[in-house]
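Q: sequence unknown, structure follows:
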């Protein structure tokens, strides 16, 4: 169980870094930004909600993090 949790935390950390980088590449968040949306098809769908919460806390905007549904 500890190994699974450690793996999830590493995945989450990597996804937060990638999402933050994508947000900056889109021009970041300025005073006129109402919300933030980032998408990466390969992200893990079980972690995108956590990533959205982390970016929301960092950017102070409603945030949507999207990925493709996995079969």
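A: Here it is on my side, so go on. These figures come from a predicted structure and were not determined experimentally.

Q: Could you check how many residues crowd around residue 23?
A: 21 (other CB atoms under 10 Å). In short, each C-beta sits where N, CA and C put it, glycine included.

Q: Quickly find the element holding it.
A: Using DSSP states H and E, residue 23 sits within helix 2-25.

Q: Relative to residue 36, how far out is the residue nearest the centre of the chain?
A: Nearest to the centroid of the C-alpha atoms of the chain, with distances taken as CA atoms, centre = their mean, sits residue 51, at 3.6 Å. Applying CB to CB, to the nearest Å, one obtains 11 Å for the distance of residue 51 from residue 36.

Q: what do you get for residue 42?
A: Relative to residue 36, residue 42 is positioned 19 Å away (criterion: CB to CB).

Q: Which of these two has more residues huddled nearby?
A: Using other CB under 10 Å, the more surrounded residue of residue 42 and residue 36 is residue 36, with 23 against 9.

Q: burial count for the nearest residue to the more buried one once chain neighbours are set aside?
A: Once flanking residues are discounted, residue 36 sits nearest to residue 63: 4.5 Å by CB to CB, 6 or more residues apart in numbering. By other CB under 10 Å, the residues close to residue 63 number 21.

Q: quick one, phi/psi of residue 63?
A: With angles defined as degrees, to the nearest 10, residue 63 sits at phi -130, psi 140.

Q: ok, it - contacts?
A: Contact analysis of residue 63 by CB atoms under 8 Å, 6 or more residues apart in numbering lists 35, 36, 37, 38, 52, 53, 55, 56.

Q: Good, we can wrap up now.
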